[in-house]
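Student: pasting the sequence and the predicted model now:
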Amino acid sequence: MPPAVDRHAFAELATTTVPAREAFAYWRELISATFVPLTAERVADRGFRGRIRHAPVGDLELSTVLADGQHVRRTPSLIGRSADEYLLASIQLRGRGRVEQDGRVALLAGGDMAFYDSTRPYTLHFDGPFQQLVVQVPKARLPVRDTRELTARALAGAGPAAPVPAFLTSLARTVGPGGDEALLLVPHALGLLTAAAALAGRAAPAEDAATALARERVERYLREHADDPRLDAERVAAACAMSRRTLYRVLGEDGVAARLRRIRLERARAMLVAAPHRPIAAVAAACGFESDSGFHRAFRAAAGCTPGEYRRRHRPGTRGR
């Protein structure tokens, strides 16, 4: 029986729900129901296992695929069976993959990303077990008129587009059933996808998309170095290859100091609860605060209580009392 997949609902789907002899036939139906009509062949004559975690967020569909090797094709006849038009992006998480479309081949290793368009034939190939995040969005939601120059071009995980797969992978991990709070991030995700598409097409990103890409690069750097009390705007601008003026334009009203303070306080809240016996001074130092007094002032201003009071209120078994 073909799998019942609601494209607009969170789902976890796996071949383990059917007998082993039916696993690959079920998988072919599953990927067609989750993405677009596809055909697939296995690359090894042995048992097959596959799993998809499908998380829709507004117009975005984020599907984490973990499976054995296979060869997947979108053929002209299958294209004729569906009227929907999507731009898809594969982000390689484990193993290696290959994306072929429009006369090009993109080879993907960990962290790499490539686009493909559902309105033209394409091929996906995996020699062995792999894990990918597949991002799918209606083409009408992106300001990209012609995709022929951006498909099947590998965007390296360490290149200028690196913040895009990092953001989308993090978003996919956090979205669960109901995930309405993630809807606020959809415009940001669309901006990053637009920027990545421009980079893949060898064009300069539009202003809004370029700003989204730059903002995510700054955000990533701040989170990675928030424990350094000496971190300042000059260092952030230099590390992100932009002027201080551009840095403040990208961050808007927040500015570096305010955004960094928020990141440090978010980390402190989590640490106070997760490590209840860790001295508060050690929490302050681990989160990048130069002094205990500065930490207490910032924490009270943001949370309305001291770090010690926050920890007591959030001890296991005390919530709701």
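Tutor: Perfect, I can see it now.

Student: where does pLDDT dip in the stretch 201-321 of the chain?
Tutor: Where the stretch 201-321 of the chain drops to pLDDT under 70, the residues are 203-208, 253, 316-321.

Student: strands along the protein, start to end?
Tutor: Remark: strands of the chain, listed N- to C-terminal, are 11-14, 39-42, 50-57, 60-67, 70-74, 86-94, 97-101, 104-108, 113-117, 122-126, 130-138; assignment by DSSP state E.

Student: now for the second one, which elements pack on it?
Tutor: Strand 39-42 sits against helix 23-34, strand 70-74, with contacts defined as 3 or more C-beta pairs under 8 Å, 6 or more residues apart in numbering; DSSP states H and E. Just so you know, the C-beta spots here come from the backbone N, C-alpha and C atoms, and that holds for glycine as well.

Student: go on, the fourth one?
Tutor: In terms of contacts (3+ C-beta pairs under 8 Å, 6+ apart), strand 60-67 is packed against strand 50-57, strand 130-138, helix 163-174, helix 186-200.

Student: tell me, how many residues neighbour the nearest residue to residue 18 once chain neighbours are set aside?
Tutor: In space, and not counting its chain neighbours, residue 18 is closest to residue 26: 4.7 Å by C-beta to C-beta, 6 or more residues apart in numbering. Residue 26 has 20 neighbours, counted by other C-beta atoms under 10 Å.

Student: now do residue 6
Tutor: Neighbour count for residue 6, taken as other C-beta under 10 Å: 10.

Student: cool, and residue 231?
Tutor: By the measure other C-beta under 10 Å, the count of residues near residue 231 is 19.

Student: can you tell me how far the nearest residue to it once chain neighbours are set aside is from residue 264?
Tutor: If you skip the residues right next to it in sequence, residue 231 has residue 225 as its closest partner in space, 5.3 Å away by C-beta to C-beta, 6+ apart. Plainly put, residue 225 is 11 Å away from residue 264 if you go by C-beta to C-beta, to the nearest Å.

Student: and those two? Which one has more around it.
Tutor: Set side by side, residue 225 and residue 264 show more neighbours around residue 264, with 25 against 16, by other C-beta under 10 Å.

Student: what comes up buried for stretch 139-146?
Tutor: Taking 16 or more other C-beta atoms under 10 Å as the neighbour-count basis, stretch 139-146 is seen to contain the buried residues 139, 141-142, 144.

Student: stretch 118-128 now?
Tutor: 118-119, 121-126.

Student: what's the most distant pair in the residues you listed?
Tutor: The span of those, defined through C-beta to C-beta, is set by 119 and 126 at 23.0 Å.

Student: C-alpha coordinates for stretch 301-314, PDB please?
Tutor: Included here for stretch 301-314 are C-alpha records, laid out as PDB according to Å, rounded to 0.1, in the frame of the first residue of the first chain:
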ATOM      1  CA  ALA A 301      17.800  43.300  33.800                       C
ATOM      2  CA  ALA A 302      16.900  40.700  31.200                       C
ATOM      3  CA  ALA A 303      15.200  38.000  33.400                       C
ATOM      4  CA  GLY A 304      13.800  40.100  36.300                       C
ATOM      5  CA  CYS A 305      15.600  38.000  38.900                       C
ATOM      6  CA  THR A 306      19.100  37.000  39.900                       C
ATOM      7  CA  PRO A 307      20.900  33.900  38.400                       C
ATOM      8  CA  GLY A 308      20.400  32.100  41.700                       C
ATOM      9  CA  GLU A 309      16.700  32.800  41.800                       C
ATOM     10  CA  TYR A 310      16.300  31.700  38.200                       C
ATOM     11  CA  ARG A 311      18.100  28.400  38.900                       C
ATOM     12  CA  ARG A 312      15.800  27.700  41.900                       C
ATOM     13  CA  ARG A 313      12.700  28.500  40.000                       C
ATOM     14  CA  HIS A 314      13.700  26.100  37.200                       C
END
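
Student: check the offset of it from the chain's centre.
Tutor: Per C-alpha atoms, centre = their mean, to the nearest Å, the displacement of stretch 301-314 from the mean C-alpha position of its chain is 31 Å.

Student: quick one, what contacts the residue nearest the centre of the chain?
Tutor: Closest residue to the average C-alpha location of the chain: residue 168 at 1.3 Å, with C-alpha atoms, centre = their mean. For residue 168, the contacting residues are 62, 89, 91, 133, 135, 189, 192-193, taking C-beta atoms under 8 Å, 6 or more residues apart in numbering as the criterion.

Student: what's the per-residue pLDDT of it here?
Tutor: According to the prediction, residue 168 has pLDDT 93.

Student: before we move on, the earlier item: identify whichever of the helices and strands packed on strand 39-42 lies nearest to residue 244.
Tutor: Proximity to residue 244 (C-beta to C-beta) singles out helix 23-34 among the helices and strands packed on strand 39-42, at 45.1 Å.
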